[in-house]
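> Coordinates only, no sequence provided:
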């Protein structure tokens, strides 16, 4: 378990409810898979406005499913916000301009790990729900929040587990807004309507260790040949909304450390982000056929993080686009770029999924930050979407 100092350093001018809540969440060092009390803080705010919370914890992961409104026999859709309280490690603390778990505000910017990814969105979810339910206590349909502490990690016991439980109960999310930092340069300039699939592999190429002057079977040579063929493969041309499938190497491991020894094994790690024009099985078969031509004794392990998904344009997408334009004055661009998100576990159950969150320029970086004004606008956009869907 990670141990971090918790910093409390509030500015002299009281921040808005949205920014204040974001600060409190940042000050809880919830390095994945820890939640560090973030979800309990959120639930206390939600219970005060009529939500009922349920813990669906699994392994070391904290999962909260909170709802307001009748789930059975409801007269309108179940609209859910989805997000995560876990964050990636901050790295060297001394490299940060402000403490990573301080939540300090300087010159209109909120600093800290998770400010953009995605505690700012969580705070905006909550304050949007607070204003909406105060103004419209008898809204139709149902409102939900699905929050996990297992998005930045292995993502096996978080949103995936909650969706499994909901499916077993035959409870169905109709529409879902995921608060991932989707914006590029300005708040709301980009929304995600899907994501590419992610397939990773570890390839082990065996040879025979020996003196470099008497080479027998050098796995490094095979690794170079195989890598060149994999890089030369043409997969697809993508689609209107999806970039072409792309293979990228992440690690090569080989050698004994000595310059005169041929290693006995080389391990290569790579990943493919792929479009809906392919399946994971098709990719695996093609790569395994190439490996068999080079070296039948190659061993490969596959890990599928998620299949590609794309929500068909529906009422939610129309509402998100309209409300973003109404609040920010800009028409959002639709995108499927970037990494994976927990939308990959929600969309396959039939929900229309749209991702909308802060600017992503500093996520996972030293000195992560978000503009406080952006969080205010984001909360207003979320509130306007609730009005559009649930009134």
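Nice, thanks for sending it over. Predicted model, so just to flag it, every value in this text is computed and none were measured. Residues are numbered from 1 along each chain as shown.

> now the helices for the protein?
With DSSP state H as the criterion, the chain has helices at 17-26, 38-47, 120-135, 159-168, 219-232, 280-294, 315-328, 343-346, 372-390.

> Let's have those in CSV, adding mean neighbour count.
C-beta coordinates here come from the backbone N, C-alpha and C atoms, glycine included. Listed next are the helices of the chain as CSV, based on neighbours: other C-beta atoms under 10 Å:
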stretch, mean neighbour count
helix 17-26, 24
helix 38-47, 20
helix 120-135, 23
helix 159-168, 18
helix 219-232, 16
helix 280-294, 15
helix 315-328, 19
helix 343-346, 25
helix 372-390, 22
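
> Make TSV from those and add mean pLDDT and distance to residue 204 to it.
Below are those laid out as TSV (pLDDT from 0 to 100; distance: least, C-beta to C-beta, whole Å):
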stretch	mean pLDDT	distance to residue 204
helix 17-26	98	41
helix 38-47	98	40
helix 120-135	98	40
helix 159-168	97	28
helix 219-232	93	9
helix 280-294	93	11
helix 315-328	97	44
helix 343-346	95	28
helix 372-390	98	45
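
> would you turn these into a markdown table with distance to residue 79?
Compiled in a markdown table, these are given as follows (distance: least, C-beta to C-beta, whole Å):
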| stretch | distance to residue 79 |
| --- | --- |
| helix 17-26 | 19 |
| helix 38-47 | 15 |
| helix 120-135 | 10 |
| helix 159-168 | 14 |
| helix 219-232 | 43 |
| helix 280-294 | 31 |
| helix 315-328 | 8 |
| helix 343-346 | 12 |
| helix 372-390 | 5 |
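
> Quick check: which of those is nearest to residue 57?
Nearest of those to residue 57, taken as C-beta to C-beta: helix 159-168 at 8.9 Å.

> who touches that closest one?
56, 58, 61, 63, 65, 82, 84, 146, 148, 150-151, 172-173, 342, 345-346, 349 (C-beta atoms under 8 Å, 6 or more residues apart in numbering).

> isn't residue 303 right up against residue 197?
No - counting by C-beta atoms under 8 Å, residue 303 sits too far from residue 197 to count as a contact (12.0 Å).

> right, and the helices of the chain - which one's nearest residue 109?
helix 372-390 (6.9 Å).

> Could you name the helices and strands sitting against that closest one?
helix 17-26, strand 78-84, strand 109-111, helix 120-135, strand 175-178, helix 315-328 (3 or more C-beta pairs under 8 Å, 6 or more residues apart in numbering; DSSP states H and E).

> Restricted to buried residues, select the contacts of helix 159-168 in PyMOL.
Selection command for PyMOL covering only the buried members of these, criterion 16 or more other C-beta atoms under 10 Å:
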select buried, resi 56+58+61+63+65+82+84+146+148+150+151+173+342+345+346
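
> So between residue 303 and residue 197, which is more surrounded?
Between residue 303 and residue 197, counting by other C-beta atoms under 10 Å, residue 197 is the more crowded of the two (23 against 11).

> OK, contacts around residue 15?
Contacts of residue 15 (C-beta under 8 Å, 6+ apart): 23, 105, 372.

> Adding distance to residue 181 as columns, could you present these in TSV?
Formatted as TSV, these follow (distance: C-beta to C-beta, whole Å):
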residue	distance to residue 181
23	18
105	18
372	15
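
> So what pairs up with residue 204 in the strands?
When assigned by DSSP bridges, residue 204 has beta-bridge partners residue 267, residue 299.

> Hmm, residue 298 and it touching each other?
Yes - between residue 204 and residue 298 there is a contact under C-beta under 8 Å: 6.9 Å.

> and these two? which has more neighbours close in?
Comparing residue 204 with residue 298 by other C-beta under 10 Å, the one with more neighbours is residue 298, at 19 against 16.

> Excluding residues flanking it in the chain, which one is nearest that one?
residue 291 (4.5 Å; C-beta to C-beta, 6 or more residues apart in numbering).

> wouldn't the one you found be in contact with residue 203 here?
Yes - using C-beta under 8 Å, residue 291 is in contact with residue 203, at 7.4 Å.

> Could you list which of the contacts of helix 159-168 belong to strands?
Counted as lying in strands by DSSP state E, out of those, are 63, 65, 82, 84, 146, 148.

> what's the pLDDT at the second one?
Translated: residue 65. The model reports residue 65 with a pLDDT of 98.

> same check, this time on the fourth one
Reading off the confidence values, residue 84 has pLDDT 98.

> Name whatever forms a beta bridge with it.
Under the criterion used (DSSP bridges), residue 84 bridges to residue 148.

> State the distance from the closest residue to residue 191 other than its chain neighbours to residue 348.
Once flanking residues are discounted, residue 191 sits nearest to residue 332: 4.6 Å by C-beta to C-beta, 6+ apart. Residue 332 sits at a distance of 24 Å from residue 348 (criterion: C-beta to C-beta, to the nearest Å).

> Pick out whichever of those two has more residues nearby.
residue 332 (26 against 13).
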